[in-house]
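K.L.:
From the sequence below, what's the structure:
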Amino acid sequence: MSEQTARSEQTATRIRALGTRWLGVGLATVISVVTLGLGLTGRLNLYISPESVWFACTAAVVTLAGAIWSCTLPLGEESDHGHDHGPVPVPAVHGDHDGADHDGANHDGAPASSRRALAGVAAVAGGVIASGVVVAGLVLPPASLSVELAMSRAGEQSALFAGADSVALGVADTSTFGVGDWASVFTAATNTAAYDGAAVKLTGFVTPGASGDDGVNLTRLVITHCVIDAQTAVLPVDVKPDEYATGQWVEITGTVRADADGKLRIEPTDVVAIDEPGDPYEY
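P.N.:
Alright, predicted model coming up:
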């Protein structure tokens, strides 16, 4: 029985060590491989801005190097603190209180065992969830944020992507403006007449216009660092709502027009339906 007990303890210890290594080094390695794969294929831009790609790839390489080094450590070495805590003191047993001591041990042992069981269940559940998320990232194909998400964020306050003073006064250089830049103009410009007649050539996807409008919105997601901070930029366009389905990517060539009430809109001269571009965001 003692040999079987010893073997069972060794097996349990080995399983715990394997689980610890998988949840640490294993998951970090998978994430690093996915990051490098996306970076090398140019698809990491679906999740972070181009300026951050080099940093993410460098961090992935460093993580992989650390993972390779960790494989040189014996299994279970992670739990070794590298120092000896000394002998564990054994409490004295007094003959007059043997019964009380045994009763106390029984009462204290049950809650401690329950706590250990709950901790074990929580660790296993957390490990399964973390493993599922990481494996899903490895197996599932990368994809851009959905049209539904963009529409749900359309009412949120967006940042100015051009200088606030320049946009408000109507002196901004619009030759390189994208959907996000023009959205700032449409929202913040006080001298809208200064932008009347400006030529535009923009790419985005179609979403429904405001209630009561006869047109649609040209929409694009704009990110600063990663998809978590993605903001929706929309521009009203004079296109009949039934001409293009919601979510259809289009390239619009046209002119900015200022209405009598000061509102800006795009009057298109050409609208071409296109596939989703390789980099669907603006920055």
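K.L.:
where in the stretch 101-250 of the chain is pLDDT low?
P.N.:
Under the criterion pLDDT under 70, the flagged ranges of the stretch 101-250 of the chain are 101-112, 116, 119-120, 123, 155-172, 211-212.
K.L.:
Pretty sure residue 39 sits against residue 56.
P.N.:
Yes. Counting by CB atoms under 8 Å, residue 56 is a contact partner of residue 39 at 6.8 Å. Where you see a C-beta, it was placed from the backbone N, CA and C, and this is true even at glycine.
K.L.:
So the residue positioned nearest the centre of the chain: helix, strand or coil?
P.N.:
In the chain, the centroid-proximal residue (CA atoms, centre = their mean) is residue 228; its distance is 5.2 Å. Using DSSP: H, G, I helix; E, B strand; the rest coil, the structure places residue 228 in helix.
K.L.:
and what of residue 201?
P.N.:
What three-state DSSP gives for residue 201 is strand.
K.L.:
Identify the residues contacting it.
P.N.:
Going by CB atoms under 8 Å, 6 or more residues apart in numbering, residue 201 touches 251, 252, 253.
K.L.:
Also residue 276?
P.N.:
Per CB under 8 Å, 6+ apart, neighbours of residue 276: 144, 205, 249.
K.L.:
now do residue 269
P.N.:
Residue 269 touches 253, 254, 255, counting by CB under 8 Å, 6+ apart.
K.L.:
Go again with 7 Å.
P.N.:
Residues near residue 269 by CB atoms under 7 Å, 6 or more residues apart in numbering: 253, 254.
K.L.:
related to what we said a few turns ago, from the contacts of residue 201, list the buried ones, please.
P.N.:
Among the contacts of residue 201, those classed as buried by 16 or more other CB atoms under 10 Å are residue 252.
K.L.:
can you put the contacts of residue 201 in a markdown table and add secondary structure?
P.N.:
Shown next, in a markdown table, are the contacts of residue 201 (three-state DSSP):
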| residue | secondary structure |
| --- | --- |
| 251 | strand |
| 252 | strand |
| 253 | strand |
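K.L.:
Just name the closest of the contacts of residue 201 to residue 16, please.
P.N.:
Relative to residue 16, the closest of the contacts of residue 201 is residue 251; by CB to CB it sits at 57.1 Å.
K.L.:
Need the pLDDT of that closest one.
P.N.:
We have a pLDDT of 97 for residue 251.
K.L.:
mind saving the C-alpha coords of stretch 50-69 as CSV?
P.N.:
Extracted in CSV, the C-alpha atoms of stretch 50-69 (Å, rounded to 0.1, in the frame of the first residue of the first chain):
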residue,chain,number,x,y,z
PRO,A,50,0.8,49.1,-37.5
GLU,A,51,3.1,51.1,-35.2
SER,A,52,2.7,48.5,-32.5
VAL,A,53,3.4,45.4,-34.7
TRP,A,54,7.2,45.5,-34.3
PHE,A,55,6.8,45.7,-30.5
ALA,A,56,4.4,42.8,-30.3
CYS,A,57,6.6,40.6,-32.6
THR,A,58,9.7,41.5,-30.5
ALA,A,59,7.9,40.6,-27.3
ALA,A,60,6.8,37.3,-28.9
VAL,A,61,10.4,36.4,-29.8
VAL,A,62,11.6,37.2,-26.3
THR,A,63,8.8,35.1,-24.8
LEU,A,64,9.7,32.1,-27.1
ALA,A,65,13.3,32.4,-26.0
GLY,A,66,12.2,32.3,-22.4
ALA,A,67,10.0,29.3,-23.1
ILE,A,68,12.9,27.4,-24.7
TRP,A,69,15.1,28.2,-21.8
